[in-house]
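Participant: Build me a model:
(2 chains)
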Amino acid sequence: MRTSCPMRPMPSAMPRPQSSGTRRVLLAGACCLAWTAQVRAQSIDYGDMEQLFGEPVTTSATGKPQRASQVPANLEIITAEQIRRSGYDNLPDILRLVPGVDVRRTGFAAADVSVRGYNRPSNPRLLVLLNGQQVYIDLYGATPWYALPVELGEIRQIEVVKGPNSALFGFNAVSGVINIVTYDPLRDNASGVTARASTQDYGSLSAFGTARLNDRVGVRLSAGGFRADDFDCAGLDPATLAAQVRPRRESIAMDARARLAPGVEATLSGSAVDLRTFEPVASPYYAASRYNTDAVRGALSAETAAGLLGLNLYRNSARYDYRSGLATARLENTVTVVQASDTVKLGADHTLRLQLEYRDNDMVEPAYRNRFGYRLYAGSLMWNWQLAPELSLTNAVRLDRLVLDRSAVPGAGDGRAITDVSFNSGVVWHATDADTLRLTIARGLESPSLFALGTRQTSAAAGPLPEIRLVGSPQLDPSAVTHGELGYDRRLDAVASTLRAAAFVQRTRDVIADPFSAGRSLSRQGVLYRSTNVGDTDAMGGEIGIRGAASGLRWDASYAYISVSDSLDRSSRLSFENGTPTHVIRLGGGYTLDRLEFDAQAHWQSRYRDITVDARTTQRRPVDVPDYLQLDARIGYRLTDGVEVSLTGQQLNTPSLMQTAGPQVERRVFLTLSARF
Amino acid sequence: MLGRTMGYVGVGRTGPVVVAVVFMPADALSSREAERVREVVGDGLTAGRIRLQVRLVPLAQLPELGGVDGLYVTQGTAGHPAVPLAARRLRVPTVSASMDCVQAAHCTVGFSSEPTVQIVISRNAAARDGVEFTQAFRMLVTER
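Facilitator: Here you go, the predicted model:
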């Protein structure tokens, strides 16, 4: 890890009071010298910039490098240190630390994550990236969190942007963006091994390491996996239970970066993951899922007189097999993405970013001889204007044109095109040294998933069940989210803390219901479920939280509120206004005493209504999930400077907890042994 | 650590970075600040990608100064015309904890760390001294 500069990673997006002194100025000056054009280093060095500015640096809000406290968006950053101290062994549990993020655990290795409500199985409203490369799967537009090719130890920071950000990232960045940033093999020395064992017969091993072949080439390798027993699923019907599998994951990833010339860098990365789990996929139906994903990426960046030029090319492939009480099927997805960008500062006060994107997206359902896809062409422009030292204005606009491929799907044969615009606009005003106000408005777009657009699945009549057909609709429109937000940050030096508050209103038009959530129609052949747009939904809410640290103590507290009001077609099987918990409270605290660390988290949320389904009859019924409290704690002991042993308990207050309409979540206690070198 | 630091510095700057701490011997404040700098840096201080080394240089010796990568300007010397003259001759940035020095375009870069880190670049001074900064860095600081 980088230990040379005096500033440590910040626990939140806001800076905290800094120590003054000659040493600090000198280090800042020295870091600055490294950025002179004589040195011509590289584009973005997260670690060094964080050390220099005393707070994390991100490109997730506008595409331009910015200090976290200055972005025109509601941004939260989870640092590597927070990840380590949380004791959690998976991304959904870690993301729960962020106020406004809703996590529903539907199985041992299954969870759905949303930002500011609207959570549901295979939530399609969230864009998830790994070092800028999408890791959500376009089949359902959802993220299989346990199939991401990343080990927790190699994560530098997780950036969570709340609210639409389609003008920068395109479709699906409607409720938020999560960008996972890993250590840079060209600049960071970071290696480690972690082993865990716990209840549920769980065992995991994870390793990662960076190595520099010389001054110009660095490689990061990581691998990991686990096996476990799932939670007790006795409440599910026998047909569904018969499909259950033991959760199991194997993952391997490589990231190589080379400095080709002063200011010019190339990246080549690849990964492969095999995940087996038992989860509800895009509907309340539980199924044994198997994800085989692989990805390859090449990127080039260059510091030129015309700005920071970037070229990004990647190809993600996913093979998804599922087996439920109703059906067995395979879906395959291949997406190829080419992105070219230029980020340039003009004069003292203006930064422009131009990006062009091409995307070829393809879905195959081999058993149904169905192939469907689209090509997407997009262009975006971001303009950041520093009106005054304490005031900035950022505008971004993006035009997407999505052209459906010719295929056997009726209605798509004419190459239907969808053209739509998204935008983001934000003002950031540092009213005083301690107070920052943020006003943002945005229009985001959720594209229909490949499944919603083009699936053609048929389950033959069996026993009491009629033939069931799931049919996508190429005539679907994107769902548009209009969003307004006011944010306020205040540094509270007297208590070494930062206060953050935000209030938002949001309207979603043309909500997309895929065949799993659309209404059904009866025909002589059986039951037909066809994708459709089903109406609008409105939300309003906000979050308020405080976070601080001093003298070995750390604390945080937050409250999130959201109220959702639906205007959806009655035929739709979606219900967000009842399906979103209104109140969520989090309390956290920790203390470090020499080699000993203790951290604890409390999470309480109000009740909400979930949906369950009987696989034998396909009948759905609502289930009220009562409000619940979850207490987690971790105690760690540093054996040596690099070796640590810790004990983590999740849900210490109750052995089993109803968090969804699915199987109850069981208490977990696990031992972690980790070494960093 | 040293290798990593050098890798961060990049081609053309793979060794230590030497900064001249310019002070005025007759000015007690200036001398004290220069001494403080020397104490903190000692034999060298690793900061990000570089290994910082300092050399104390009286203001009067600036015209003969060579072999440094930057000038750290102490109090009392910031407004002296010898400083920008030396920076232009050496084509190196001048760094100061005094924002006034940057405002007046005598210095290239100014820092303050309270209550939060602020870095200000004088575009005029940078142009005069022939110093450029990377685009990413420019996007993160204030330019005047």
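Participant: what bridges to the most centrally placed residue in chain B?
Facilitator: In chain B, the C-alpha nearest the mean C-alpha coordinate belongs to B:Val95, at 3.1 Å (CA atoms, centre = their mean). Here B:Val95 sits in beta bridges with B:Tyr72, B:Val109, going by DSSP bridges.
Participant: Isn't it up against B:Val68?
Facilitator: No. The pair B:Val95 and B:Val68 fails to qualify as a contact (CB atoms under 8 Å) at a distance of 11.6 Å. (Each C-beta comes from the backbone N, C-alpha and C, glycine too.)
Participant: Which helix or strand in chain B has the lowest average pLDDT?
Facilitator: helix B:2-9 (a mean of 26; mean pLDDT, DSSP states H and E).
Participant: which residues touch A:Pro466?
Facilitator: For A:Pro466, the contacting residues are A:526-527, by CB atoms under 8 Å, 6 or more residues apart in numbering or on different chains.
Participant: For the chain, which segments are assigned as helices?
Facilitator: Looking at chain A here, since you left the chain open. Secondary structure of chain A (DSSP state H): helices at A:22-33, A:46-53, A:80-86, A:91-95, A:166-169, A:238-241, A:450-454.
Participant: To clarify, I was referring to chain B.
Facilitator: Along chain B, counting by DSSP H, helices occupy B:2-9, B:28-41, B:82-90, B:99-103, B:123-129, B:135-140.
Participant: Please work out which of those helices is packed deepest.
Facilitator: The highest average neighbour count among the helices of chain B, using mean count of other CB atoms under 10 Å in any protein chain shown, belongs to helix B:135-140 at a mean of 23.
Participant: Who are the packing partners of it?
Facilitator: strand A:66-67, strand A:307-324, strand A:328-346 (3 or more CB pairs under 8 Å, 6 or more residues apart in numbering or on different chains; DSSP states H and E).
Participant: and the longest one with chain B, contact?
Facilitator: Yep, that's strand A:328-346 we're talking about. Yes. Strand A:328-346 lies within reach of chain B by CB under 8 Å from any CB of the partner chain, at A:343-345.
Participant: And whichever residue of the stretch 201-350 of chain A sits closest to chain B, what's its pLDDT?
Facilitator: The stretch 201-350 of chain A approaches chain B most closely through A:Ala348 (3.8 Å), counting by CB to the nearest CB. If you check A:Ala348, the pLDDT there is 92.
Participant: Identify the residues contacting it.
Facilitator: A:386, B:123, B:143-144.
Participant: By neighbours, which of these wins?
Facilitator: Within those, most neighbours by other CB atoms under 10 Å in any protein chain shown means A:Gln386, with 21 neighbours.
Participant: wait, that one sits on A:Gly347?
Facilitator: No. Using CB under 8 Å, A:Gln386 makes no contact with A:Gly347, being 9.7 Å away.
Participant: buried sites along stretch A:507-526?
Facilitator: By neighbour count with 16 or more other CB atoms under 10 Å in any protein chain shown, stretch A:507-526 contains the buried residues A:507-519, A:526.
Participant: Output it as PDB, nothing but the C-alphas.
Facilitator: Presented in PDB, the C-alpha positions along stretch A:507-526 are these (Å, rounded to 0.1, in the frame of the first residue of the first chain):
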ATOM      1  CA  ARG A 507     -40.600  10.600 -11.700                       C
ATOM      2  CA  THR A 508     -40.200   7.500 -13.800                       C
ATOM      3  CA  ARG A 509     -42.300   7.300 -17.000                       C
ATOM      4  CA  ASP A 510     -43.100   4.200 -19.000                       C
ATOM      5  CA  VAL A 511     -42.000   1.700 -16.500                       C
ATOM      6  CA  ILE A 512     -40.900  -1.500 -18.200                       C
ATOM      7  CA  ALA A 513     -42.500  -4.700 -17.300                       C
ATOM      8  CA  ASP A 514     -40.600  -7.700 -18.700                       C
ATOM      9  CA  PRO A 515     -42.600 -11.000 -19.300                       C
ATOM     10  CA  PHE A 516     -42.000 -12.000 -15.600                       C
ATOM     11  CA  SER A 517     -43.700  -8.900 -14.400                       C
ATOM     12  CA  ALA A 518     -46.200  -8.000 -17.100                       C
ATOM     13  CA  GLY A 519     -49.800  -9.000 -17.000                       C
ATOM     14  CA  ARG A 520     -50.900 -12.200 -18.600                       C
ATOM     15  CA  SER A 521     -53.400 -13.000 -21.300                       C
ATOM     16  CA  LEU A 522     -55.100 -16.300 -21.900                       C
ATOM     17  CA  SER A 523     -55.400 -18.000 -25.300                       C
ATOM     18  CA  ARG A 524     -56.300 -21.400 -26.500                       C
ATOM     19  CA  GLN A 525     -52.600 -22.400 -26.400                       C
ATOM     20  CA  GLY A 526     -52.200 -21.400 -22.800                       C
END
